[in-house]
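# Quick check, what structure comes out for this input:
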Amino acid sequence: MSDLTALSAARLVSGYENGDFSPVEVTRAALERAAEVDPRLNAFVRIDADGALERAAESAARWQRGEPAGPLDGVPVTVKDILLQRGAPTYRGSWAVGDEGPWEEDAPAVARLRESGAVFLGKTTTPEFGWKGVTDSPRHGATGNPYDPARTAGGSSGGSAAAVAAGAGPLSLGTDGGGSVRIPAAFCGIFALKPTYGRVPIYPASAFGTLAHVGPMTRDAADAALLMDVITGPDARDWSQLGPPEHSFRGALARGTEAVRGLRVAFSPDFGGRVPVDPDVAAAVRRAVALLAELGARVEETDPGFADPVDAFHTLWFTGAARVTQHFTPQQRERLDPGLREICEDGAARSALDYLAAVDERMALGRRMGAFLSGSEGSDKHSLSGSEGSGQHGHGGYDLLVTPSMPGTAFGVGR
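A predicted model of the protein is given here:
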């Protein structure tokens, strides 16, 4: 039998259907891999072997009857320790959260996984309240990169990325406010998506507002589509949910590379020279963009031309952090990550007018991107596709903007 931990979720489901292996076998393999790698990586806050095997046995019985609960029945998954999971503490990386609970609710995405019959392996590490782009916290320590544990897995969903990359379950739920699924995906060599806000319901509402989204972390796009088809299910607890999508994400991949033909792609390698990009990263991105052109996309090297919005982001992020810790006692504040404590103090000193000005800047950035993609605003551009009919910016704009996910590769743990 092949290494069960190397198989995609889609392949596991087809294997269950065909009787090639059982959810119990797959879950045992995933738990063994988690136990093997976690001492080196620190990807997990909690591994629930007994609970996982119990759910796997229930799944195996359903498959034997030919009555799977859903499209992920029997597939091992992990959950970032920011999201609520019934029966398991959600520490959020903080000593400020106790064990007492009660832990009686699932977050919407977790509830949809439970309904689908997924097997929960455990909760994955996060920096305290997911506040930064690397994964370490005073409570749970640092998470290492599966390719080199001396380097960071990124953050804030670093535990999820490390678990998926190391084979401890093919699927994980992460959250992303300022890159928190995309940074660790880039550093650990997996796939992640920050979906449109409201596409995946979220509860409780994040103190970081509409910056914070729930998204899939997987080893390939097909598994992410499979996971999205499950977690986009409606949940009345989220006032901002968009409702179920009109079409299946997995079904949209059925067209294969044909779906790329004719796409209008804007490629910005370094935002007009404003972001220094590691040469190896830049070369890898150019190879990917060249492949898009070979598959028939209309690619232009161009730049959307906006200034760095980091100051507005800091206002939104730091005030959100201050809100998270607003009711903490002095003793709780003393145990916070020093960096988090610093940005909370910064955020608490900013006014409502500062916050609204940052919201205005965010909306202006959205309008600028809307104009860029729609073709209603000019920009300098250069065709990379070489095909007649490229250069559609003035005739409907672009379907997507391609940039590097990160300007560099994983750096040392502790930075």
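# How is this structure partitioned into domains?
Segmentation of the chain into domains, based on the TED database, reads 4-252, 255-378+396-408.
# Make TSV out of those and add mean neighbour count, distance to R415 and mean pLDDT.
For every residue, glycine as well, the C-beta is placed using N, CA and C. Formatted as TSV, those follow (neighbours: other Cβ atoms under 10 Å; distance: least, Cβ to Cβ, whole Å; pLDDT from 0 to 100):
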stretch	mean neighbour count	distance to R415	mean pLDDT
domain 4-252	21	7	97
domain 255-378+396-408	16	12	96
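# So for G414, which of those domains sits nearest?
G414 lies closest to domain 4-252 among the domains of the chain, at 6.6 Å (Cβ to Cβ).
# Return the distance of that closest one from the chain's centre.
Put simply, domain 4-252 sits 9 Å off its chain's centre (Cα atoms, centre = their mean, to the nearest Å).
# Any idea how far apart the tips of it sit?
Using Cα to Cα, to the nearest Å, one end of domain 4-252 lies 27 Å from the other.
# just the CA coordinates of stretch 333-342, formatted as PDB?
Output in PDB follows, covering the C-alpha atoms of stretch 333-342 (Å, rounded to 0.1, in the frame of the first residue of the first chain):
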ATOM      1  CA  ARG A 333      -1.400  41.600  30.200                       C
ATOM      2  CA  GLU A 334       1.900  40.900  31.900                       C
ATOM      3  CA  ARG A 335       1.900  37.400  30.300                       C
ATOM      4  CA  LEU A 336       1.200  38.600  26.800                       C
ATOM      5  CA  ASP A 337       3.700  38.300  24.000                       C
ATOM      6  CA  PRO A 338       5.700  41.500  24.400                       C
ATOM      7  CA  GLY A 339       5.200  42.400  20.800                       C
ATOM      8  CA  LEU A 340       1.400  42.000  21.100                       C
ATOM      9  CA  ARG A 341       1.400  44.000  24.300                       C
ATOM     10  CA  GLU A 342       3.200  46.800  22.500                       C
END
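# Okay, helices next: where are they in the chain?
Under the criterion DSSP state H, helices of the chain are mapped to 9-18, 23-41, 49-65, 108-115, 158-166, 182-188, 221-231, 249-252, 279-294, 310-324, 330-334, 338-348, 352-374.
# Of these, which is nearest Y91?
It is, among the helices of the chain and with distance given as Cβ to Cβ, helix 158-166, at 11.8 Å.
# which helices and strands does the closest one pack with?
helix 23-41, strand 44-47, strand 76-80, strand 119-124, strand 171-176, helix 182-188, strand 213-218 (3 or more Cβ pairs under 8 Å, 6 or more residues apart in numbering; DSSP states H and E).
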